[in-house]
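1. mind looking at a prediction? Sequence and model below.
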Amino acid sequence: MALIKVTSPHATGQQRTGRLMREVMLATLPGLAVLTWLFGWGSLINVIWAMLIALASEAAVLKARGKDVAFYLRDNSALVTAVLLALAIPPSAPWWLTLIGVSFSIVVAKQLYGGLGMNPFNPAMAGYVLLLISFPIEMTRWFAPGEGPEHFMGSVHLFLGRYAETVDLMTGATPLDSFRTWAGDATALANEHILHGVFAGVGWEWVNVAFLLGGLYLLWRGIITWHIPAGFLGALALCALPFWLYDPARFASPLFHLFSGAAMFGAFFIATDPVSAATSRWGRLIYAALIGVLIWVIRSLGGYPDAVAFAVLLLNLAAPTIDYYTQPRTYGHDKAKRGTG
Amino acid sequence: MSSTDTTAPTGIDLEQDTAPVAAPAADYGALTNNGLWKNNPATVQLLGLCPLLAVTGTVVNSLGLGLATMAVLMASNLTVSLIRDVVTPAVRLPAFVMIIAALVTVIEMVMQAFTFELYEILGIFIPLIVTNCAILGRADAFASKNRPLPAAYDGFVMGLGFLLILVLLGGMREAVGEGTLFANMHLLFGEVARDWQITLVADYRGFLVAILPPGAFIGLGLIIAGKNVIDRHLRERAKRSKAPMEKGSRRVRTTGSVN
């Protein structure tokens, strides 16, 4: 028997960053398809545009930092950031919105902190929040599901920033917006068409189902572990349940919360970022559960309809502390060691 | 924020500052270099970050607060230097704070009298000048050990260094955030300054993050990074030409042991 003497870890799979990131991008395809089906070609155009910007800005910063451009570009992490951000912003986004967001994500939120592995915040969400607080109009301009531009050229017009020429399009409140507006008024809620899809908000339920499928693919391929999605979605549902039972006219149901906005996208693609999330198993559960709690709190009581980006960034900030208190026991030691000191 | 400023890491040029602060003859060139560049309160000592980050949304706000701070710094350095032989070391800090607080009150009243709108805009940050660590720092580290004239001059250049960074940051944030420069200057200079506004981009949509607090942090970070790049460039050039480095600067100790 031939024994090869190598040190641990004795992993056989190709867990290279490049492959990992490729799988993540592959897993976003169902979500991208549903977004395109519901809202026109805008998401697809923005994803491709964002990938180009990400590659260009990453290459420029790597060159300025004197790094090996080709080597670092091949890990695909910039592309993943670009895809995630482009999926998060509305399909009606003009080109400059994506340009500002993606270049901020790559240059400031990722490379200024030292590049892949060093960024304390999820770069895609940092870019998203920058855009959300700077350009609230463009960032909340969603079409009513199925009412987006019918033709490819319509989406191109929007992408080129000619929104005024395409105003005959129906922009509408998302289910979360709508619920926020009418919360407390049972008859108005019952009359809001968009709130009553097959099992959650119209259209958006399928966006979330698609991202759930993509997330399950990631779980199956072993790219992510179950801790973060389970903690995230579990906490969100657990928070929503008692309040919904108490007053369904003011608080949305757990199912509605789970399949609205960016819930599934956040649980499987955003919160699971291996760099900015907590790393130990318990740490991941706590980290994700706190994100879920924060999302429910901000959605139900806060000033924004959805809160995945804010919740993730806030918990990114807390991740090192969570890791410090949840360090697992090292084999052969009695007690868990706290921190590195 | 200001009370913790004294422990802020200062980064560069620490190794040159081990000499105790007691200059027999004032070297005004060194003082100028110190205040404006090498030991700039905003970019090197990182003191007074609270007003620096809070009110630099526009040039006029920055200029207003910068001038007020500079006036307080000059006057406090001068006063502290005048009483330096009378006040015992044990009570020196309370005495300095009293002086600074009195001066800040004067400035606040002056601004209330002559630039009322700006006074309203700057609000709490005018009284908060008293907590600006750069002022107490200079009083303790320089003014209490030097004669009145160098002390006042040190207050002037330190204040000017602070003012320049404030205005630079205000200009950056106003240009990026609102697409204008020198808007509303009449708040400070009267009616003649009303049309000083330069509109960089007509019909600008506004980039809110630059006006909001994150813009201040990002902007200050970029300014400090820019200064460090220039410093590195200068150091390398000095090394290449083998010129002897200038020694014996004085500065506020913010880390390490205090002599």
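-> That came through fine. Numbering: from 1, shown residues only, chains lettered A, B, ... in the order given.
2. can you give me the pLDDT of B:T199?
-> pLDDT for B:T199: 79.
3. tally of neighbours for the spatially closest residue to it that is not a sequence neighbour?
-> Using CB to CB, 6 or more residues apart in numbering or on different chains and skipping the chain neighbours, the partner closest in space to B:T199 is B:T180 (5.3 Å). C-beta: built from backbone N, CA, C; applies to glycine. When neighbours are counted by other CB atoms under 10 Å in any protein chain shown, B:T180 registers 17.
4. equivalent analysis for A:T279, please.
-> 16.
5. which residue is the nearest non-sequential neighbour of it?
-> Once flanking residues are discounted, A:T279 sits nearest to A:D323: 5.6 Å by CB to CB, 6+ apart.
6. relative to chain B, how far out is that neighbour?
-> From A:D323 across to chain B, the span is 24 Å (CB to the nearest CB, to the nearest Å).
7. show me what contacts that residue?
-> When contacts are counted by CB atoms under 8 Å, 6 or more residues apart in numbering or on different chains, A:D323 is found next to A:A278, A:T279, A:S280, A:G283.
8. show only the entries of the residues you listed found in helices.
-> Within these, residues falling in helices by DSSP state H are A:G283.
9. which of the contacts of A:D323 sits closest to A:M25?
-> A:M25 lies nearest to A:T279 out of those, by CB to CB, at 22.7 Å.
10. now the closest one. Its backbone dihedrals?
-> Main-chain dihedrals, A:T279, degrees, to the nearest 10: phi -110, psi -30.
11. how much space separates it from chain B?
-> Look at A:T279 and chain B: by CB to the nearest CB, they are 27 Å apart.
12. repeat for A:A190
-> A:A190 is 37 Å from chain B, where distance means CB to the nearest CB.
13. A:G302 now?
-> 18 Å.
14. and stretch A:71-85, what's buried?
-> In terms of neighbour count (16 or more other CB atoms under 10 Å in any protein chain shown), stretch A:71-85 has its buried residues at A:72-73, A:75-85.
15. ends of that stretch, what's the gap?
-> Between the start and the finish of stretch A:71-85 there is a gap of 23 Å, counting by CA to CA, to the nearest Å.
16. give me the distance from it to the chain's centre.
-> 15 Å (CA atoms, centre = their mean, to the nearest Å).
17. and for stretch A:311-321?
-> In terms of CA atoms, centre = their mean, the gap separating the centre of stretch A:311-321 from the centre of its chain is 14 Å.
18. check whether it comes near chain B.
-> No: on the criterion CB under 8 Å from any CB of the partner chain, stretch A:311-321 is out of touch with chain B, staying 11.4 Å away.
19. and for that stretch, what's in contact with it?
-> With contacts defined as CB under 8 Å, 6+ apart, stretch A:311-321 is touched by A:120-122, A:125-126, A:129, A:266, A:270-271, A:276-279, A:283, A:287, A:290-292, A:294-295, A:298, A:322.
20. tell me the mean pLDDT for the longest helix along chain A?
-> The longest helix of chain A (DSSP H) is helix A:42-64. The pLDDT scores in helix A:42-64 average 93.
21. which helices and strands does it pack with?
-> Judged by 3 or more CB pairs under 8 Å, 6 or more residues apart in numbering or on different chains; DSSP states H and E, the packing partners of helix A:42-64 are helix A:29-39, helix A:69-73, helix A:77-88, helix A:95-103, helix A:152-159.
22. can you tell me which helices and strands the helix or strand where B:F156 lies packs against?
-> B:F156 belongs to helix B:148-178 when assigned by DSSP states H and E. Secondary structure elements in contact with helix B:148-178, counted by 3+ CB pairs under 8 Å, 6+ apart, are helix B:28-33, helix B:49-54, helix B:59-82, helix B:133-141, strand B:180-181, helix B:208-211, helix B:213-241.
23. got the angle for the last one vs helix B:148-178?
-> Just to be clear, that refers to helix B:213-241. Between helix B:213-241 and helix B:148-178, the angle comes out at 120 degrees (axes from the mean of the first three to the mean of the last three CA atoms, to 10 degrees).
24. how about helix B:213-241: buried residues?
-> Residues B:P214, B:G215, B:A216, B:I218, B:G219, B:L220, B:I223, B:I224, B:K227, B:D231 are the ones in helix B:213-241 that count as buried (16+ other CB under 10 Å).
25. for B:D203, helix, strand, or coil?
-> At B:D203 the chain is in coil, as set by DSSP: H, G, I helix; E, B strand; the rest coil.
26. quick one: pLDDT of it?
-> For B:D203, the predicted pLDDT is 77.
27. tell me the phi and psi of it?
-> The phi/psi pair for B:D203 (degrees, to the nearest 10) is phi 60, psi 40.
28. check the one 4 residues further on too.
-> Phi and psi for B:F207, reported as degrees, to the nearest 10, are phi -120, psi 90.
29. measure B:L78 to chain A for me?
-> Distance, B:L78 to chain A, by CB to the nearest CB: 42 Å.
30. residues contacting that residue?
-> Contacts of B:L78 by CB under 8 Å, 6+ apart are B:A143, B:P148, B:A151, B:A152, B:G155.
31. what two of the residues you listed are the furthest from one another?
-> Farthest pair in these, by CB to CB: B:P148 and B:G155, 10.4 Å.
32. which one of these two has more residues nearby?
-> The residue with more neighbours, out of B:P148 and B:G155, is B:G155; 29 against 16, by other CB under 10 Å.
33. isn't that one right next to B:S76, touching?
-> Yes: between B:G155 and B:S76 there is a contact under CB atoms under 8 Å: 6.8 Å.
34. where do the contact lists of the two overlap?
-> B:R138, B:A143.
35. picking that back up, buried subset of the contacts of stretch A:311-321?
-> Listed as buried from those are A:121-122, A:125-126, A:129, A:266, A:270-271, A:276-279, A:283, A:287, A:290-292, A:294-295, A:298, A:322; burial here means 16+ other CB under 10 Å.
36. so which of those belong to helices?
-> A:M125, A:A126, A:V129, A:G283, A:Y287, A:L290, A:I291, A:G292, A:L294, A:I295, A:I298, A:I322.
37. list the contacts of the fifth one.
-> This means A:Y287. A:I228, A:G231, A:A271, A:A277, A:A278, A:L315, A:A318, A:A319, A:I322.
38. got the buried residues for the helix or strand harbouring the first one?
-> Going back to what we said before, that points to A:I228. Per DSSP H and E, A:I228 falls inside helix A:227-246. For helix A:227-246, the buried set under the neighbour-count rule, 16+ other CB under 10 Å, comprises A:227-237, A:239-240, A:243-244.
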